[in-house]
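A.B. asks: sequence unknown, structure follows:
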């Protein structure tokens, strides 16, 4: 059975994916700085880890994801989201190892109501986080080799605080919730993203760029409504706008990604049904 080296294996996606692959019979080498793993921003450490792993595939789930904090820590964000993935792609190629990288919808900023196809190349990140992730894609693709990039959005899953947890918590504590109606995207469960990554690991799809997210799109308000409804929580909700909240890192109003290359994804409701069944 193939061996998979997973960077960022302690994060929400990395932890879920590692366990998912092990259950499928794969040998997984987990590597995360939080658990004594390497610093992915140091090229020599990345080189040594990949060369000594004897892995058949390398997956990068490591990322700096704090959109607001990144505005004050630009250098760190770029090192983690751009330099690190570039090193991984470089030494994966040297070892003739396919490399799988996870990216984001925040590289877009044109607010296309019809959605972004995989080949849309008018990038317009609105935050340092988005800029660093776009630079990461560029560095990875520049290295060449068998590269898979999975762009995802509004990721949720067990093991980390996410939008669902926050909405549920506030709904139980507050008399009323204020949720934005002008931020629209495609919620994605880590299990569904892991299934898409598996297609690459199994060689069932060609190297390239893929959009891995739900088949439908919702505003944050609509998503919150769905989250509460599925849990039988009836806390009143009030509509508001992004501008009503003070934040350093700007996010796109509309970041709908179109999936034209992967099997049809599940809806947000279907993903939530599984999520609520395991947490």
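C.D. replies: Done, it's in. It should be emphasised that the depicted structure is a prediction, and the values quoted were computed from it without experimental measurement.

A.B. asks: Tell me who's in contact with residue 115.
C.D. replies: By C-beta atoms under 8 Å, 6 or more residues apart in numbering, residue 115 lies in contact with 217, 256-258. Every residue, glycine included, has its C-beta placed from N, CA and C.

A.B. asks: Swap in 7 Å and give it another go.
C.D. replies: Residues in contact with residue 115 (C-beta atoms under 7 Å, 6 or more residues apart in numbering) are 256-258.

A.B. asks: mind checking how far the residue lying farthest from the centre of the chain is from residue 220?
C.D. replies: The outermost residue of the chain, judged against the average C-alpha position, is residue 175 (32.1 Å), by C-alpha atoms, centre = their mean. Noted for residue 175: a distance of 20 Å to residue 220, by C-beta to C-beta, to the nearest Å.

A.B. asks: would you list every one of the helices in the stretch 101-250 of the chain?
C.D. replies: With DSSP state H, counting those that start in this stretch as the definition, the stretch 101-250 of the chain shows helices at residue ranges 128-143, 163-173, 190-201, 220-231.

A.B. asks: before we move on, back to that, between the contacts of residue 115, which is closest to residue 55?
C.D. replies: Within the contacts of residue 115, proximity to residue 55 (C-beta to C-beta) peaks at residue 257, which comes in at 28.6 Å.

A.B. asks: I'd like to know how many residues surround the residue lying closest to the closest one once chain neighbours are set aside.
C.D. replies: Leaving aside its sequence neighbours, residue 257 sits nearest to residue 211 (C-beta to C-beta, 6 or more residues apart in numbering; 4.1 Å). Other residues within reach of residue 211 by the criterion other C-beta atoms under 10 Å amount to 27.
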